[in-house]
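Novice: Pasting the sequence and the predicted model now:
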Amino acid sequence: MGDSQYSFSLTTFSPSGKLVQIEHALTAVGSGQTSLGIKAANGVVIATEKKLPSILVDETSVQKIQALTPNIGVVYSGMGPDFRVLVRKSRKQAQQYYRLYKEHIPVTQLVRETAAVMQEFTQSGGVRPFGVSLLIAGYDDNGPQLYQVDPSGSYFSWKASAMGKNVSNAKTFLEKRYTEDMELDDAIHTAILTLKEGYEGQISSNNIEIGILRADREFKVLSPAEIKDFLEEVE
Amino acid sequence: MSVSPRPPPPRSPGFLPRPGSRIPYGFAPCPSQIFEYNGSAVVAMVGKNCFAIASDRRLGVQLQTIATDFQRVFKIHDKLYIGLSGLATDAQTLYQRLVFRHKLYQLREERDMKPETFASLVSALLYEKRFGPYFCQPVIAGLGDDDVPFICTMDFIGAKELAKDFVVSGTASESLYGACESMYKPNMEPDELFETISQALSSSVDRDCLSGWGGYVLIVTPTEVREHVIKTRMD
């Protein structure tokens, strides 16, 4: 891959046993816009800030939350272009699974394969790790699930989690507010409140994005009108 | 595929049998005879919350019988069996490959494969070898979700054929179709199903010189698996 002079791995161990490139990748994630996810009893919600560099940007063209399959969605914190590459690869893997088994890929399997891709880029020649952490939300036969995947390729299942700039405040807020038997609509309200906590400026239906999975297992990105309704309920 | 052997085709000049050689036709199998090289008969039937799968036990090399205890029905997991008719070497290799894939699936997904999923996998595997195929016709039988019986067959390049009542394959397939069609009734209990499938198998293989030498019948219910070896005309 690439020039033969760079066919060695750029991600190498430091004397203290750390992979410094991955630490830097996590820093890139940490300076990205906040995103979060909450697993409710009957669904999952993922949300993110959508701060655009200028008011002239057409916000309808920016889609930070994407569907990987009809019942799995993903949001990120970090570098947008890296996210697009991962979305593309994950979608292809999900379709390959379907082609082989004529069965939709379970959430855990897709997370595992995406994480394997991210790990490959920490141990191959001439490439750098991805500068994104992903929050993958899915609903399959094992119920609603929420997974976080890091640039190193490690993944964790969460009941609620946050990433990006405001991660520590958001996580504290979520720890206080989270209950095991939360309903999805409560979870959406909590997600909005959590985003609001760390938001610099006025939150509105055009500068956040929310994706939900109800018991019908269809991943849906909420339209600005729907977000407005939830915002009004929260106020 | 014809049930009775064709008269010996004219000899090609390239291959003449040495005196005392045991090859009756004096030829390697040509493509149209490859399915009749070893001889086989496999049948599966659906009963009430159970299924039966049966095969003959003869392994031959054209007209010579080599073994009378050859296994054609294989277990994938407790509630999924596959019978492979056609060329015996391909049946064995295909079975090994399928077990390999299923074991990996079990380790990754921590569950057994559903019969429908397994059928899609077999179909995909066979089509991969579209231009150099395995000369086998699989018969797949299993208990799916809620122990609903599932059977299907496919041709040697993976064209699936689902059925609600019975499926057949092998050199005796035409006789088997006739016997099953007349003897089959829906919703048979395991004991009656055993009688029916045994009768269908033995009457069909008795009319086919390339299959026979006994039969092996498996009856699978949600709680138990029963194996029987039945006697047919031993010739």
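Specialist: Perfect, thanks for sending it. In this text, all values refer to a predicted model and were calculated from it rather than measured experimentally. Numbers count the residues shown, from 1 in each chain, chains lettered A, B, ... in the order given.
Novice: and the gap between B:T232 and chain A?
Specialist: From B:T232 over to chain A the distance is 37 Å, taken as Cβ to the nearest Cβ, to the nearest Å. Yep, even glycine has a C-beta here, placed from its N, CA and C like the rest.
Novice: pretty sure that residue contacts B:S211?
Specialist: No: taking contacts as Cβ atoms under 8 Å, B:T232 lies outside contact range of B:S211: 9.2 Å.
Novice: and B:G178, helix, strand or coil?
Specialist: helix (DSSP: H, G, I helix; E, B strand; the rest coil).
Novice: Quick check: pLDDT value at it.
Specialist: Looking at B:G178, its pLDDT stands at 96.
Novice: Apart from its chain neighbours, what residue comes closest to it?
Specialist: The shortest distance from B:G178 to any non-neighbouring residue, by Cβ to Cβ, 6 or more residues apart in numbering or on different chains, is to B:S204 (7.6 Å).
Novice: Longest helix in chain A, please.
Specialist: helix A:80-101 (DSSP state H).
Novice: buried sites along that helix?
Specialist: By 16 or more other Cβ atoms under 10 Å in any protein chain shown, the buried positions in helix A:80-101 come out as A:D82, A:F83, A:L86, A:V87, A:S90, A:R91, A:Q93, A:A94, A:Y97, A:L100, A:Y101.
Novice: outside of that helix, which residues touch it?
Specialist: With Cβ atoms under 8 Å, 6 or more residues apart in numbering or on different chains as the test, helix A:80-101 has contacts from A:64, A:66, A:68-69, A:72, A:74, A:76, A:103-105, A:109-110, A:113-114, A:117-118, A:130-132, A:134, B:117, B:120-121, B:124.
Novice: So the helix or strand just after it, near chain B or not?
Specialist: Using DSSP states H and E, the helix or strand that follows helix A:80-101 in sequence is helix A:107-120. Yes: using Cβ under 8 Å from any Cβ of the partner chain, helix A:107-120 reaches chain B at A:T108, A:Q109, A:R112.
Novice: The helix or strand just after helix A:107-120 vs chain B: in contact?
Specialist: For helix A:107-120, the following helix or strand on the C-terminal side (DSSP H and E) is strand A:132-140. No: Strand A:132-140 lies out of reach of chain B by Cβ under 8 Å from any Cβ, never closer than 11.1 Å.
Novice: State the paired neighbours of strand A:132-140 in the sheet, together with their directions.
Specialist: Strand A:132-140 sits in its sheet next to strand A:72-78 (antiparallel), strand A:143-149 (antiparallel), going by DSSP bridges.
Novice: tell me the angle of that strand relative to helix A:107-120?
Specialist: If you take axes from the mean of the first three to the mean of the last three Cα atoms, to 10 degrees, strand A:132-140 sits at 160 degrees to helix A:107-120.
Novice: quick one, strand A:132-140 and helix A:80-101 angle?
Specialist: On the basis of the same axes, to 10 degrees, strand A:132-140 is oriented at 30 degrees to helix A:80-101.
Novice: pLDDT of strand A:132-140, averaged?
Specialist: Mean predicted lDDT for strand A:132-140 stands at 97.
Novice: Could you export it as PDB, CA atoms only?
Specialist: In PDB, the C-alpha atoms belonging to strand A:132-140 read as follows (Å, rounded to 0.1, in the frame of the first residue of the first chain):
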ATOM      1  CA  VAL A 132     -13.100   9.300  14.800                       C
ATOM      2  CA  SER A 133     -14.900   7.500  17.500                       C
ATOM      3  CA  LEU A 134     -18.200   6.000  16.500                       C
ATOM      4  CA  LEU A 135     -21.400   5.400  18.500                       C
ATOM      5  CA  ILE A 136     -23.300   2.600  16.700                       C
ATOM      6  CA  ALA A 137     -27.000   2.200  17.700                       C
ATOM      7  CA  GLY A 138     -28.900  -0.900  16.600                       C
ATOM      8  CA  TYR A 139     -32.000  -2.900  17.300                       C
ATOM      9  CA  ASP A 140     -32.000  -6.600  16.500                       C
END
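Novice: Which residue does chain B have closest to chain A?
Specialist: Closest approach of chain B to chain A (Cβ to the nearest Cβ) occurs at B:S120, with a separation of 3.9 Å.
Novice: tell me which element that residue falls in.
Specialist: With DSSP H and E as the test, B:S120 turns up in helix B:115-128.
Novice: Can you point out the buried residues in that helix?
Specialist: Applying a neighbour-count criterion of 16+ other Cβ under 10 Å, one finds B:P115, B:E116, B:T117, B:F118, B:A119, B:S120, B:L121, B:V122, B:S123, B:L125, B:L126 buried in helix B:115-128.
Novice: how about the first one, what does it touch?
Specialist: Spelled out, it's B:P115. Going by Cβ under 8 Å, 6+ apart, B:P115 touches B:K79, B:L80, B:I140, B:A141, B:G142, B:L143, B:G144, B:F150, B:C152.
Novice: cool, and the last one?
Specialist: Neighbour list for B:L126: B:P133, B:Y134, B:C136, B:P138, B:M154, B:F156, B:I157, B:G158 [criterion: Cβ under 8 Å, 6+ apart].
Novice: Derive a PyMOL selection command for the buried subset of the residues you listed.
Specialist: With 16+ other Cβ under 10 Å as the burial test, the buried ones among the contacts of B:L126 are selected in PyMOL as follows:
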select buried, chain B and resi 133+134+136+138+154+156+158
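Novice: picking that back up, can you select the buried ones among the contacts of helix A:80-101 for me in ChimeraX?
Specialist: With 16+ other Cβ under 10 Å as the criterion, this ChimeraX line picks the buried residues out of the contacts of helix A:80-101:
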select /A:64,66,68,69,72,74,76,104,105,109,110,113,114,117,118,130,131,132,134 /B:117,120,121
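Novice: coming back round to it: of the residues of helix A:107-120 next to chain B, which is the nearest to B:E110?
Specialist: Nearest to B:E110 among the residues of helix A:107-120 next to chain B is A:T108, at 8.7 Å by Cβ to Cβ.
Novice: element containing A:A187?
Specialist: Here A:A187 is assigned to helix A:184-198, by DSSP H and E.
Novice: Up against chain B, what does chain A have?
Specialist: Going by Cβ under 8 Å from any Cβ, the residues of chain A near chain B are A:R99, A:L100, A:Y101, A:K102, A:E103, A:P106, A:T108, A:Q109, A:R112.
Novice: Show me the shaky parts of chain B.
Specialist: Counting by pLDDT under 70, the ranges of chain B that qualify are B:1-29, B:31.
Novice: Please enumerate the helices of it.
Specialist: B:88-109, B:115-128, B:173-183, B:190-205.
Novice: Same list (these) but as JSON lines, adding distance to A:L213.
Specialist: Shown next, in JSON lines, are the helices of chain B (distance: least, Cβ to Cβ, whole Å):
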{"stretch": "helix B:88-109", "distance to A:L213": "21"}
{"stretch": "helix B:115-128", "distance to A:L213": "23"}
{"stretch": "helix B:173-183", "distance to A:L213": "46"}
{"stretch": "helix B:190-205", "distance to A:L213": "42"}
